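A.B. asks: pasting the sequence and the predicted model now:
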2 protein chains.
Amino acid sequence: MPYALHYWPTIQGRGEFVRLALEAAGAPYVDVAREEGGMPKVKHYLASPGIPRPPFAPPFLVDGRVVVAQTAAILQYLGPRLGLVGKREADALWTHQIQLTIADFVVEVHDTHHPVASNLYYEDQIAEAKRRATDFRKERLPKFMGWFEAVLQRNPRNGKPASTPHLVGGRLSYADLSLFQVVDGLRYAFPKATARVLKRAPMVVALHAGVAAHRRLRGYLDSERRIAFNEEGIFRRYPELDG
Amino acid sequence: MPYALHYWPTIQGRGEFVRLALEAAGAPYVDVAREEGGMPKVKHYLASPGIPRPPFAPPFLVDGRVVVAQTAAILQYLGPRLGLVGKREADALWTHQIQLTIADFVVEVHDTHHPVASNLYYEDQIAEAKRRATDFRKERLPKFMGWFEAVLQRNPRNGKPASTPHLVGGRLSYADLSLFQVVDGLRYAFPKATARVLKRAPMVVALHAGVAAHRRLRGYLDSERRIAFNEEGIFRRYPELDG
C-alpha cells in the first residue's frame, strides 16, 4: 500500500519536506488532497471525534494503520524505511536533532511574514513583519546558516571538495533534503540576504547543488508535482522584507 | 555516571521539561551550570570548534559519549531509559508527536512576549506583544488546550474519573510531565485567560493535579531545585498581556 501524505494541496509548506524524502527514495505515495479530491480526507483525521489519536495539524502520513504527524517525526519514521538515515543509532539521533533544528528555523522563516498571527493577513501585520524580518536577516539567518555550515565542515566524511557534502555520515539523509529545501526557499523569499549569508557557507551551497542534481529529485523538481513557491506558503517573496 | 543536563542556571525554560523527567524518575543527574560553575561548560559544547556534532542551543544532555540536543529528542532518548514512555513502538511514536506539539506551543507562548526578536527587550516590543498575545489568548491557547483535552478524552485507558488521566496509555509518560509544566506556566503567565480556557478542559486540569501529587515530583517542586517562574523564562507574567 502506498504511503498517504495528508497535506494542503496548493503549497509546498511543511509537507514538502516529506514529499522530497518520498520522491528522492522513489517510494510509492499518494498526495491525498491533490489526488483524491481536496481536503475532506485530511480534515476527517483532524476533526472526526472517532479518531483515537488525532493529528494536531497537517502534514501527517498514513501508513496502513499507522498515523504519524509532525514533520520531523514523519521523517524519523520514514528514514530507515526509505534508506534516508544512517543505520547507527547515534547517526539517527543526530539526524533527528538536525531536523528539529530545521523545524525551529522554519517557524522563524514563517514568522517573518506573520509575526502577530497566522490568522491575520500579511497586509495587517506589515509593520511588525518588517521589524521581525530585519532581526531575522541580521541575526537569525546568519546564526542558523553558520551552524549548518559548521555541521557540514565538521563531518569527517565530507573530505573531497568535488563531491556533495552531507550533514550526517557519507550518504544522503532526509536532513540533507530538508536543508536543500530551506536554501531553495530562502533564495526565493530573501534573494539578497540569502546571497549575502551564503558567501560564508560554501558547503551549504554545495549541498544544495548536489541535492538538486540527484537524479530522482531532479525529475521531481522539473515535474508538475513540484508546486511552485508562492505567497501562501512558508517562503514568501515580499521584497520589503528582504534587503 | 549521572546524566549531565546543560542549560541556563536561572530559569526553568526548556530545560525544565528535562528536569521534570529526571526528577520524576529519580534519575541521578547533574544540572551542570547550576552545580559546576555556570555556563563555561555549556558554552564549550556550543562554541568549541573541536566538538564534532555541536548542539545548536541549550538544553542538551550529555550521557557518557552521547550528546543529545533539542528538548523533544532528549525526552525521546530518556523515555525508555527512565520508564517514562510506553514500550510499544506506536505508543512511543505517539508520545513523541505529542511532545513535538507541546514544543510548538511553547514557541508560541514565548513569542507572546517576544514577537519581534529574542535579542530585543520586552520593553522594545510591547505594542507587538499585545497584538500577538490577544491572538494567542483568543485563538491559539483554546486550540492547543482543546487538542490536549481531546487526546486525554480519547485515550481508552482514562476510564476512571477519580484517577489521574494520561496522554498515552495507562502510565505516566514524559509528555504528561510536559503538559503539567505547560499548565503550571500558563497559570503563572496568563492567570485569567488560562482559568477561562481550562473550564473546558477538565481532564487537562486533572492531569496537572495528578502530576503535582506524584511523590517524587512533589518533593522536587517543593525543593530549592525548582527555580521559581520569573520574567527571564518562557512563561512571564506581564498583566498587560493577559485578560
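C.D. replies: Alright, I've got the coordinates.
A.B. asks: next secondary structure element downstream of the helix of greatest length in chain A?
C.D. replies: Across chain A, the helix with the greatest residue count (assigned by DSSP state H) is helix A:89-113. Next along the chain after helix A:89-113, taking DSSP states H and E as the criterion, comes helix A:126-135.
A.B. asks: what's that following helix packed up against?
C.D. replies: Helix A:126-135 is packed against helix A:89-113, helix B:126-135, with contacts defined by 3 or more C-beta pairs under 8 Å, 6 or more residues apart in numbering or on different chains; DSSP states H and E. Heads up, the C-betas are built off the backbone N, CA and C, glycines and all.
A.B. asks: the inter-axis angle of the first one versus helix B:89-113?
C.D. replies: The one in question is helix A:89-113. Here the directions of helix A:89-113 and helix B:89-113 differ by 30 degrees (axes from the mean of the first three to the mean of the last three C-alpha atoms, to 10 degrees).
A.B. asks: would you map the helices across chain A?
C.D. replies: Remark: helices assigned in chain A by DSSP H are A:15-25, A:32-35, A:40-47, A:71-82, A:89-113, A:126-135, A:141-154, A:174-189, A:191-198, A:202-212, A:215-221.
A.B. asks: could you redo those as a markdown table and give each row mean neighbour count and distance to residue B:238?
C.D. replies: Shown next, in a markdown table, are the helices of chain A (neighbours: other C-beta atoms under 10 Å in any protein chain shown; distance: least, C-beta to C-beta, whole Å):
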| stretch | mean neighbour count | distance to residue B:238 |
| --- | --- | --- |
| helix A:15-25 | 24 | 35 |
| helix A:32-35 | 18 | 40 |
| helix A:40-47 | 15 | 32 |
| helix A:71-82 | 22 | 31 |
| helix A:89-113 | 22 | 20 |
| helix A:126-135 | 20 | 18 |
| helix A:141-154 | 19 | 26 |
| helix A:174-189 | 24 | 32 |
| helix A:191-198 | 16 | 31 |
| helix A:202-212 | 19 | 38 |
| helix A:215-221 | 14 | 46 |
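A.B. asks: adding distance to residue B:198, write the helices and strands packed on helix A:126-135 out as TSV.
C.D. replies: Below are the helices and strands packed on helix A:126-135 laid out as TSV (distance: least, C-beta to C-beta, whole Å):
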stretch	distance to residue B:198
helix A:89-113	26
helix B:126-135	18
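A.B. asks: so which of those helices is nearest residue B:20?
C.D. replies: helix A:89-113 (19.3 Å; C-beta to C-beta).
A.B. asks: ok so, going back, of all the helices of chain A, which lies closest to residue B:99?
C.D. replies: Nearest of the helices of chain A to residue B:99, taken as C-beta to C-beta: helix A:71-82 at 9.2 Å.
A.B. asks: using CSV, list the CA coordinates for the closest one.
C.D. replies: In CSV, the C-alpha atoms belonging to helix A:71-82 read as follows (Å, rounded to 0.1, in the frame of the first residue of the first chain):
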residue,chain,number,x,y,z
THR,A,71,7.2,16.7,10.0
ALA,A,72,10.3,15.7,12.0
ALA,A,73,8.5,12.7,13.4
ILE,A,74,7.3,11.7,9.9
LEU,A,75,10.9,11.9,8.6
GLN,A,76,12.2,10.0,11.6
TYR,A,77,9.6,7.3,10.8
LEU,A,78,10.4,7.2,7.1
GLY,A,79,14.1,7.5,7.4
PRO,A,80,15.1,3.8,7.9
ARG,A,81,12.2,2.6,5.7
LEU,A,82,13.4,4.8,2.7
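A.B. asks: how about that helix and chain B, touching?
C.D. replies: Yes. Judged by C-beta under 8 Å from any C-beta of the partner chain, helix A:71-82 and chain B are in contact via A:72, A:73, A:76, A:77.
A.B. asks: what lies in contact with that helix?
C.D. replies: Outside helix A:71-82, the residues that touch it by C-beta atoms under 8 Å, 6 or more residues apart in numbering or on different chains are A:3, A:14, A:17-18, A:21-22, A:24-25, A:27, A:59-61, A:63, A:66, A:68, A:84-85, A:87, A:92, A:95-96, A:99-100, A:102-103, A:173-175, A:178, B:93, B:96-97, B:100.
A.B. asks: where does chain A have low pLDDT?
C.D. replies: Residue ranges of chain A with pLDDT under 70: A:161.
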